[in-house]
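>>> this one's structure only:
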């Protein structure tokens, strides 16, 4: 795998494919790679931030908090959602409930908030499952461009590949199967089971280093969230950030077949979550930011 030439962080524009942020990015001999799933490999849940924000807005109002500035409230909630990206949804809801209480809102049940969100998201994802099973869409449409090739290239080089996701374990396995990605992860898939508040990606990374005889600098991590980025950097690894789009309409069967590719690319570049991810990944210490894997040389 070859990294691109270094360029200045100030020159980064979200629609571009990549930006190297660390001037001295090491080209070390990596022994293992840790991947996030949603937004890093899979696009089956694209649009989840918007779904979560909508749910949180409803509970915000139910808690009796002011709604006279809806756009400001929406931005605050989007900030919360993206800043906790990588946590299991139930933990995200605990953060939200605390935020509501700090602002004088009535008490909310985080489990109820999480259940509502999961139900709404499941409706969206189920339509995508069905489109795959009926042959209306194909797995490559729901995989981040170049991801399969990246996984295969790393596997050929002898790296052990691991998957760690904040999405519930059974759902991750099912979706990895549906997209044909599970064979890349014989060494381990890590995700919370049920309402497991103890799941943390930092603990997973510590487990991998301890049980697979790895040093931190031998680990390369790929993720679109600040949690995995910070944890990989904490142990001395290399963190590759994915500023992928969360525009839910991309690749969905509701798009007309005649939709030009340039229109879907434009939708991605207009997605505010792309810019937000870029800024958060930079602040979290990402060594490289990609919008997909196509710009990396795998030779």
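Good, I have the coordinates. The structure presented is a predicted model; accordingly, all values stated were derived computationally and were not measured. Residues are numbered from 1 along each chain as shown.
>>> From residue 192, how far off is residue 214?
23 Å (C-beta to C-beta, to the nearest Å). Yep, even glycine has a C-beta here, placed from its N, CA and C like the rest.
>>> Who has more neighbours out of those two?
Set residue 214 next to residue 192 and count neighbours by other C-beta atoms under 10 Å: residue 192 wins out with 21 against 18.
>>> Would you agree that one is in contact with residue 171?
No. Using C-beta atoms under 8 Å, residue 192 is not in contact with residue 171, being 10.2 Å away.
>>> who does whichever strand or helix holds residue 115 touch, helix- and strand-wise?
Per DSSP states H and E, residue 115 falls inside helix 110-133. For helix 110-133, the packing partners by 3 or more C-beta pairs under 8 Å, 6 or more residues apart in numbering; DSSP states H and E come out as helix 48-62, helix 89-102, helix 169-178.
>>> Tell me which of the ones you listed lies nearest to residue 287.
For the helices and strands packed on helix 110-133, proximity to residue 287 was assessed by C-beta to C-beta; helix 48-62 is nearest, at 24.0 Å.
>>> moving C-terminal of that closest one, what's the next helix or strand?
The helix or strand immediately downstream of helix 48-62 is helix 70-83, counting by DSSP H and E.
>>> List the buried residues for that next one?
Residues of helix 70-83 classed as buried: 73, 74, 76, 77, 78, 80, 81, 82, 83 (neighbour count, 16 or more other C-beta atoms under 10 Å).
>>> Identify, from the residues you listed, the entry nearest to residue 126.
Distances from residue 126 to the buried residues of helix 70-83, taken by C-beta to C-beta, are shortest for residue 81, at 21.4 Å.
>>> Would you quantify the distance from that closest one to residue 171?
For residue 81, the distance to residue 171 - C-beta to C-beta - is 19 Å.
>>> ok, back up a step: so which of the buried residues of helix 70-83 comes closest to residue 246?
Distance to residue 246 across those (C-beta to C-beta) is lowest for residue 82, with 9.1 Å.
>>> Could you check the pLDDT of the nearest residue to that closest one once chain neighbours are set aside?
Excluding its sequence neighbours, the residue lying closest to residue 82 (C-beta to C-beta, 6 or more residues apart in numbering) is residue 276, at 5.3 Å. On the pLDDT scale, residue 276 is placed at 83.
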